[in-house]
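Novice: Following is a predicted model, sequence given first.
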Amino acid sequence: MSNKNQINQLTKPDGYEQPAAFVIVPIGGGMAHTFLVYKWGMLDGKWFFDTLLNLHVELHPDQTFILEVPPRGKTMDLEASVQELKRESSLVVN
């Protein structure tokens, strides 16, 4: 594994929801953590993920994970399905 720093981020199109990639981190016994992330990469030899829920997750350098990135203009959900990005609703103020 390389110790080079690298950062990847899904760009949020104007007027649309933040797209998300899907991450699975096996934790043993057939169990796994799943996350929807918009930013990921390696810093100082550790993998990291920034989630849509404003969590910053760091993994040990030898930890296994699966990352699925959607095509441009799409997003992932927690069932690992690819979906079209939804438009943000306008704020209506009276």
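Specialist: That came through, no problem.
Novice: which one is the spatially most central residue of the chain nearest to, not counting chain neighbours?
Specialist: Central residue of the chain (Cα atoms, centre = their mean): V37, 1.7 Å from the mean position. Closest residue in space to V37, ignoring its immediate chain neighbours: F49 at 4.4 Å, by Cβ to Cβ, 6 or more residues apart in numbering. (C-beta placed from N, C-alpha, C; glycine too.)
Novice: mind checking the longest strand of the chain?
Specialist: In the chain, taking DSSP state E as the definition, the longest strand is strand 31-43.
Novice: what lines up beside that one in the sheet?
Specialist: Paired with strand 31-43 in the same sheet, following DSSP bridges, are strand 6-9 (antiparallel), strand 21-28 (antiparallel), strand 46-51 (antiparallel).
Novice: So in terms of bridging, what pairs with the residue nearest to the centre of the chain?
Specialist: With DSSP bridges as the rule, V37 is bridged to A21, T51.
Novice: Just give me the neighbour total for the residue nearest to V37.
Specialist: Neighbour count of F49, defined by other Cβ atoms under 10 Å: 21.
Novice: Could you report the distance from it to K74?
Specialist: Separation of F49 from K74 (Cβ to Cβ, to the nearest Å) stands at 19 Å.
Novice: G28 too?
Specialist: From G28 over to K74 (counting by Cβ to Cβ), the distance is 31 Å.
Novice: One more: G30?
Specialist: G30 is 29 Å from K74, by Cβ to Cβ.
Novice: out of those two, which sits in the busier spot?
Specialist: Between G30 and K74, K74 has the larger neighbour count (other Cβ under 10 Å), namely 15 against 6.
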